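Trainee: Sequence first, then the predicted structure:
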Amino acid sequence: MSPAQKNQVLNDHFRKTGEGGVVMISMGVHLLGRATVDMIMKQLAGDAGDKSVEPGGEHDVGSIKVNNRTIDWEINYYNKDLDDESPDPTDPQQTTRYLAILLSTEY
């Protein structure tokens with residue numbers, strides 16, 4: 001399995017479960033309310049999230065539509081101290097995935 005393919009698998013698992021990283025929502029997303037945030041998280045974990053990733057990439061960026069709003073998301077790879085990039089994003093022992101979810105107008 002190539003590094004890109006391994007990151008695809010790890011990113012898809014993280015996006016769907018939140019395991020192995022940190023999920024951050026922007027203030028704009030937060031202000032949409034708990035029910036909408038829950039809907040966003042459910043869609044990211046489901047078919048809408050699967051369809052939003054770039055084909056052939058690492059599945060680390062995308063956007064979905066929720067209640068006629070475009071929600072952008074991106075996964076970055078940090079070291080375990082969250083103070084620098086991960087030395088090896090394909091190694092969960094060295095990497096904390098960080099999912100940022102924001103309104104497209106906040107990007």
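Mentor: Perfect, thanks for sending it. Residues are numbered from 1 along each chain as shown.
Trainee: in this protein, which spans are strands?
Mentor: Per DSSP state E, the chain carries strands over the ranges 21-25, 61-66, 69-78, 96-103.
Trainee: dump the residue contacts of S26.
Mentor: Residues in contact with S26 (Cβ atoms under 8 Å, 6 or more residues apart in numbering) are 100-103, 106. Bear in mind the C-beta positions are built from the backbone N, C-alpha and C, glycine included.
Trainee: hang on, isn't Y98 packed against G18?
Mentor: No. Under the criterion of Cβ atoms under 8 Å, Y98 is not in contact with G18, lying 11.4 Å apart.
Trainee: so which of the contacts of S26 comes closest to Q94?
Mentor: A100 (20.2 Å; Cβ to Cβ).
Trainee: and that closest one, what does it touch?
Mentor: Contacts of A100 by Cβ under 8 Å, 6+ apart are 24, 26, 73-76.
Trainee: Need those residues in a markdown table (columns: pLDDT and distance to I64).
Mentor: Compiled in a markdown table, those are given as follows (pLDDT from 0 to 100; distance: Cβ to Cβ, whole Å):
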| residue | pLDDT | distance to I64 |
| --- | --- | --- |
| M24 | 97 | 16 |
| S26 | 98 | 14 |
| W73 | 97 | 8 |
| E74 | 97 | 12 |
| I75 | 97 | 14 |
| N76 | 97 | 18 |
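Trainee: So for T95, what's the pLDDT?
Mentor: pLDDT, T95: 97.
Trainee: cool, P55 as well?
Mentor: On the pLDDT scale, P55 gets 80.
Trainee: repeat for G28
Mentor: 97.
Trainee: What of S63?
Mentor: 96.
Trainee: Thought S104 was touching it, still the case?
Mentor: Yes. Here S63 reaches S104: they are 6.4 Å apart, a contact under Cβ under 8 Å.
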